[in-house]
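In: Got a sequence here, can you model it:
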Amino acid sequence: MAETIGETIVIDETKAGKYQVQVKAGTATFVVDEPKAAGGLGSGPNPYDLLSAALGSCSLMTVRQYADLKTWPVTRIRVKVTHHRAGLNGRDVFDRQIEIEGPIDDAQKERLKQIAERCPVHLTLTRGSDVQTTVMQTPMAAQPTTQCEHKAAMDEACAD
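Out: From the prediction side, this is the model:
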């Protein structure tokens, strides 16, 4: 696999609430916030919701890509992710349930489960990541970049 360039998203305060931020990812813009009970405006998902959404959406996309590649008669896929926290220093658990509709057999279901466990976000979470932090005092570039790295990683996950 070729060396990746990296993808950048940009997050900025909206000043509309204590925790509300605006995220720019590629051509998409959305709000992230905390619930009202936690002091936010309740105007968007919180960061842990986004982690669960990343796992669930990557799983669904990767399973769909594989099912289509194999021309299996999968008519619908739904993923539910529940995030369990074990405190700041504990190991988190993501409980992922995948509902697959269509006339497929048990071997195909098992293979789709294996493919879900190869989805790029699943691998990122289970392998762990390194995070590097730099504090900037001068303005940084505020434009997101997209290299389609996720799609390339899904292609790799679906390769037999």
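In: in the chain, which spans are strands?
Out: In the chain, the strands defined using DSSP state E lie at 10-13, 21-25, 28-32, 76-84, 93-101.
In: which of the ones you listed sits most buried?
Out: Of those, the one with the most neighbours on average (mean count of other CB atoms under 10 Å) is strand 21-25, at a mean of 16. To be clear about C-beta, it is placed using only N, CA and C from the backbone, and glycine gets the same treatment.
In: Dump the strands of the chain to JSON lines, plus mean pLDDT and distance to residue 52.
Out: Shown next, in JSON lines, are these (pLDDT from 0 to 100; distance: least, CB to CB, whole Å):
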{"stretch": "strand 10-13", "mean pLDDT": "94", "distance to residue 52": "18"}
{"stretch": "strand 21-25", "mean pLDDT": "95", "distance to residue 52": "16"}
{"stretch": "strand 28-32", "mean pLDDT": "95", "distance to residue 52": "13"}
{"stretch": "strand 76-84", "mean pLDDT": "97", "distance to residue 52": "4"}
{"stretch": "strand 93-101", "mean pLDDT": "98", "distance to residue 52": "7"}
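In: So which residue is smack in the middle of the protein?
Out: Residue closest to the average C-alpha location in the chain (CA atoms, centre = their mean): residue 54, at 1.5 Å.
In: List the contacts of the nearest residue to that residue once chain neighbours are set aside.
Out: Of all residues not flanking residue 54 in the chain, residue 121 sits nearest, at 4.9 Å (CB to CB, 6 or more residues apart in numbering). Contacts for residue 121 were tallied using CB atoms under 8 Å, 6 or more residues apart in numbering; they are 54, 55, 58, 59.
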